[in-house]
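Colleague: structure for this input, please:
(one chain, ligands or ions: 1)
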Amino acid sequence: MLEVNGLKKAYAKKQALENVNFSLRPGTSFGFLGPNGAGKSTTMKILTGIVKADSGSARLFGKDLTREPAAVSRFIGYVPQEITLYEKLSAYDNLLFFGEAYGVSGKELKQRIHDVLARTGLLERSKDIVSTFSGGMKRRINIAAALLHRPKLLILDEPTVGIDPQSRNHIFEMIRELNREGVTIIYSTHYMEEVEALCDEVAIMDQGSIKAMGPLGELLEQYGSNAIYLEVPGLAELPHDPDVTSYRKEGSGWLLETGSSAAVMQRLLRLASQHRWDVKQLEVVRPSLESVFLKVTGTALRD
Ligand SMILES: Nc1ncnc2c1ncn2[C@@H]1O[C@H](COP(=O)(O)OP(=O)(O)OP(=O)(O)O)[C@@H](O)[C@H]1O
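Modeller: Reported below is the predicted structural model:
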């Protein structure tokens, strides 16, 4: 459905995209995971025609996004990082405006506005002006605006930054529902838990290129390591274990990454009994996307 090859983009002296390649099958929910400045927004802006790539190509349904933007844009719904709405207009009038901009009009547009407002849970607020809405409600209207023309590909750039948990859950449910209905999703975020909750495929992006990509389960298997979580109140340091690849403080305990969890677990139990540790928790934790990110980029996403 989407083929992206060798995208490069520089802003002044900053090389924002080094070389971005990926392809998507229809119906995928694709997570773009990376820290601030990785190049996620630039990639999405190139796909939506807002920014021009210096080189490379992107084809949607076989059509070049840069050469035939009009033929392609009707298939794409774009939710930019910054909320883009007319504050002094009602939700309904905003949707009228965006619907017409996307080429929908008349009775069909009225029906679509009703449908997308119902989907966002804001039907009762349709006549209220947007400036009276919370950040999360504005974001939901922003997403609704991108759905009016029934896009086949929905691109969302960090849509949950700074919004309330209720709106966040609502947005997640909407995205899942759209995806179940066959809409392909590209979802950019720097929150790993969002990718884990929403996406079946992931691209890990850092410093202008994709460092690893694939189905979430395969990435976890290929790059993720098992870990052991140990919580012993007052334990300031842990004895070195040759099979532990990294030790990290996590909550009130320690997270020990290892490829040999059974052996490490046995030794920890022995130590606990020898030193009479007051063990509050000791368990094997399944590989996380965080450990994949660390392995692939050499840095923790939270840093
Ligand atoms: N209009 C611009 N002019 C100059 N530099 C830019 C511009 N837009 C982005 N950049 C730079 O390009 C790099 C990639 O930015 P981009 O916004 O694509 O990253 P991102 O992964 O989306 O991060 P964020 O989550 O902060 O949006 C960054 O170093 C950024 O500072």
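
Colleague: wait, what's in contact with Pro239?
Modeller: Leu271 (C-beta atoms under 8 Å, 6 or more residues apart in numbering). Just so you know, the C-beta spots here come from the backbone N, C-alpha and C atoms, and that holds for glycine as well.

Colleague: and it, which of the three is it?
Modeller: coil (DSSP: H, G, I helix; E, B strand; the rest coil).

Colleague: up against the ligand, what does the chain have?
Modeller: The chain comes close to the ligand at residues 11-12, 14, 16, 34, 36-42, 81, 158, as judged by C-beta under 6 Å from any ligand atom.

Colleague: show me where the chain has its helices.
Modeller: 40-47, 69-73, 91-101, 106-120, 135-145, 165-180, 192-198, 216-223, 261-274, 289-297 (DSSP state H).

Colleague: just put the ones you listed in JSON lines and tack on mean pLDDT and mean neighbour count.
Modeller: JSON lines is the format used below for these (pLDDT from 0 to 100; neighbours: other C-beta atoms under 10 Å):
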{"stretch": "helix 40-47", "mean pLDDT": "94", "mean neighbour count": "23"}
{"stretch": "helix 69-73", "mean pLDDT": "81", "mean neighbour count": "15"}
{"stretch": "helix 91-101", "mean pLDDT": "95", "mean neighbour count": "20"}
{"stretch": "helix 106-120", "mean pLDDT": "95", "mean neighbour count": "16"}
{"stretch": "helix 135-145", "mean pLDDT": "93", "mean neighbour count": "22"}
{"stretch": "helix 165-180", "mean pLDDT": "92", "mean neighbour count": "16"}
{"stretch": "helix 192-198", "mean pLDDT": "89", "mean neighbour count": "18"}
{"stretch": "helix 216-223", "mean pLDDT": "87", "mean neighbour count": "16"}
{"stretch": "helix 261-274", "mean pLDDT": "92", "mean neighbour count": "15"}
{"stretch": "helix 289-297", "mean pLDDT": "82", "mean neighbour count": "21"}
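
Colleague: just to revisit the earlier point, what's the farthest-apart pair in the residues of the chain next to the ligand?
Modeller: Within the residues of the chain next to the ligand, Ala12 and Glu158 form the most distant pair, 23.3 Å apart (C-beta to C-beta).

Colleague: could you find the closest non-adjacent residue to Leu178?
Modeller: Leu154 (6.3 Å; C-beta to C-beta, 6 or more residues apart in numbering).

Colleague: does that neighbour have beta-bridge partners, and which?
Modeller: Gly77, Ile185 (DSSP bridges).

Colleague: coming back round to it: Ala12 and Glu158: which has the busier surroundings?
Modeller: Taking neighbours as other C-beta atoms under 10 Å, Ala12 and Glu158 compare with Glu158 leading, 21 against 5.

Colleague: was I right about that one contacting Val195?
Modeller: No. The pair Glu158 and Val195 does not pass the contact test of C-beta atoms under 8 Å, sitting 11.9 Å apart.
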